[in-house]
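> sequence? don't have it. structure:
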């Protein structure tokens, strides 16, 4: 390990798509995907001779292998911080001292390294969680929290201040929540990082949400929708007017589905306007509005102004209250196609959620054309997957027969999946199309269970059924199904 440091790796090897093999330096071999320049090879040989490794070998490899090795070494080569114990306590910190701390070269390297590590893991968030004796750093990878690093508690003020400075937040405000954003360039990738701070008893908890602008172009057929959902949904989004709702908890992929939908129907022949909180990705040819409560621009106020802009299609980030719901319904009834989201457990519950907001049932039944509930489940890592029998306990828990599922795929855990057995996620979908019978139930204030049962008799496939199909296909596991779906 002493033969290689992070600076050498980040400044010379990684940018040139060169990585040491895992057994380095015992096996002094470097893998490259593109033939390096002669001067680059000479510089690397010279530096390694200084580190007393004279016999460096270069070997060609594919890009995928090189990137895997780069991520492997970046995980091992964390920056070293000064472990001196004479740093001031939280109560002794003034703004000037915080600025000095956050400008320290080691702190800058550490924060940059943590962002790069999160990107390597395809993490959606980085969590900085101060405890009494240490600062815990975790990432959310495929919807599950993963420990990354623990730093001494006395490093917390410097790390926090560095992140605040990057986001142009007030480093002196330690007792108030703050929100900000960072435009972060990582090699050829442009990241939009959203910052949220929250005061805790041991210091400020900070969450960085990472949005990669290069990942915005996702087509509907790549989301994992089964054919019996994708085909009717693709027809529904071509309707001239009405409301289509996407439901699910935070982090279930609703925004991705909406963006993929808008990309599909954005032919340039229609006026499309969105109001979002926040605008996560910028879509070409679409007018996007950012909610700003400080100037009175909430969803309701923005939606009221949007309808005066002569749009054909409107996307509302979320229906949160009665006023927003009523304006959205009025827009749908006056010839607009409206997309929005709700936080409900299943598709049928969206109807009763709107009723709870005070929206009249007859307005709901006449304006909504479909509701789609969705979840995300982790996919089995194909690099370490193995076929195993389904246990009787798992079959009983899922309410299925072992004869129908004699074996399933499960990941053993490898470096590619950070030893979790999972890599990537796929969507589960439940599409409720409102038939005449369903509309009649809604107008008579039927509860969600009645609406759901009627939809099932008409062919609705539930989230659990979609999940079991993916289990049968070897895409996910029983644990994931139980984690994100309820029994039918």
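Arrived safely. If you're wondering where the values come from, they're calculated on a predicted model, not measured in any experiment.
> can you tell me how far the residue nearest to residue 317 when sequence neighbours are not counted sits from residue 425?
Closest residue to residue 317 apart from its sequence neighbours, by C-beta to C-beta, 6 or more residues apart in numbering: residue 276 at 4.0 Å. For every residue, glycine as well, the C-beta is placed using N, CA and C. Using C-beta to C-beta, to the nearest Å, we find residue 276 at a distance of 22 Å from residue 425.
> Who has more neighbours out of these two?
Neighbour count, other C-beta atoms under 10 Å: between residue 276 and residue 425, residue 425 has more, with 24 against 20.
> So in that sheet, which strands flank the host helix or strand of the more buried one, and in what orientation?
Per DSSP states H and E: residue 425 is located in strand 422-433. With DSSP bridges as the test, strand 422-433 is paired with strand 368-380 (antiparallel).
> following the partner strand, which helix or strand shows up next?
Next element after strand 368-380 (DSSP H and E): strand 385-389.
> so what does whatever helix or strand comes next after that next one touch, helix or strand wise?
Toward the C-terminus, strand 385-389 is succeeded by helix 392-398 as the next helix or strand (DSSP H and E). Here helix 392-398 touches helix 478-484, going by 3 or more C-beta pairs under 8 Å, 6 or more residues apart in numbering; DSSP states H and E.
> quick one: contacts of the helix it packs on?
Residues from elsewhere that reach helix 478-484, judged by C-beta atoms under 8 Å, 6 or more residues apart in numbering: 375-378, 390, 394, 397-398, 408, 422, 428, 463-464, 467-468, 471.
> Grab the most central residue of this protein for me.
Most central in the chain under C-alpha atoms, centre = their mean is residue 124, positioned 4.1 Å from the mean C-alpha point.
> tell me the average confidence for the strand holding residue 425?
Average pLDDT, strand 422-433: 94.
> Likewise for stretch 262-272?
Taken as a whole, stretch 262-272 carries a mean pLDDT of 94.
> what's the burial count for residue 486?
Neighbour number of residue 486 under other C-beta under 10 Å is 10.
> and it, what is it in contact with?
With C-beta under 8 Å, 6+ apart, residue 486 has these contacts: 345-346, 463-464.
> List the ones among these that fall in strands.
Of the contacts of residue 486, none are assigned to strands by DSSP state E.
> Those residues: which two are farthest apart?
For these, the farthest-apart pair by C-beta to C-beta is 345 and 464; their separation is 11.8 Å.
> give me phi/psi at the residue nearest to the centre of the chain?
phi -90, psi -30 (degrees, to the nearest 10).
> Likewise for residue 360?
Main-chain torsions, residue 360, degrees, to the nearest 10: phi -60, psi 140.
> who touches it in this structure?
Residues near residue 360 by C-beta under 8 Å, 6+ apart: none.
> and the gap between it and residue 341?
Applying C-beta to C-beta to residue 360 and residue 341 gives a distance of 21 Å.
> and residue 114, how many neighbours?
With other C-beta under 10 Å as criterion, residue 114 counts 22.
> Surely it touches residue 148?
Yes: if you go by C-beta atoms under 8 Å, residue 114 and residue 148 touch, sitting 7.0 Å apart.
> sorry, back to before: and for the residue nearest to the centre of the chain, nearest residue in space, chain neighbours not counted?
In space, residue 124 is closest to residue 140, 5.1 Å off (C-beta to C-beta, 6+ apart).
> Wait, a strand at the one you found?
Yes: assigned with DSSP: H, G, I helix; E, B strand; the rest coil, residue 140 falls within a strand.
> count of neighbours near it?
19.
> All further residue positions should be reported with the first residue as 813.
Okay, residue one is now 813; in that scheme the one you just asked about reads as residue 952.
> List the contacts of it.
Residues in contact with residue 952, defined by C-beta under 8 Å, 6+ apart, are 935-937, 939, 958.
> got a winner among those for most neighbours?
Neighbour count (other C-beta under 10 Å) singles out residue 935 as the most crowded of the contacts of residue 952, with 22 neighbours.
> Just to check, that residue is in contact with residue 951?
Yes: when contacts are counted by C-beta under 8 Å, residue 935 is listed as touching residue 951 (3.7 Å).
> which neighbours do these two share?
Listed as contacting both residue 935 and residue 951 by C-beta under 8 Å, 6+ apart are residue 958.
> Common neighbours of residue 926 and residue 960, please.
Shared contacts of residue 926 and residue 960, counting by C-beta under 8 Å, 6+ apart, come down to 938, 949.
> Count the neighbours of residue 1123 for me.
Using other C-beta under 10 Å, residue 1123 has 19 neighbouring residues.
> Ok, residue 829 next?
With other C-beta under 10 Å as criterion, residue 829 counts 17.
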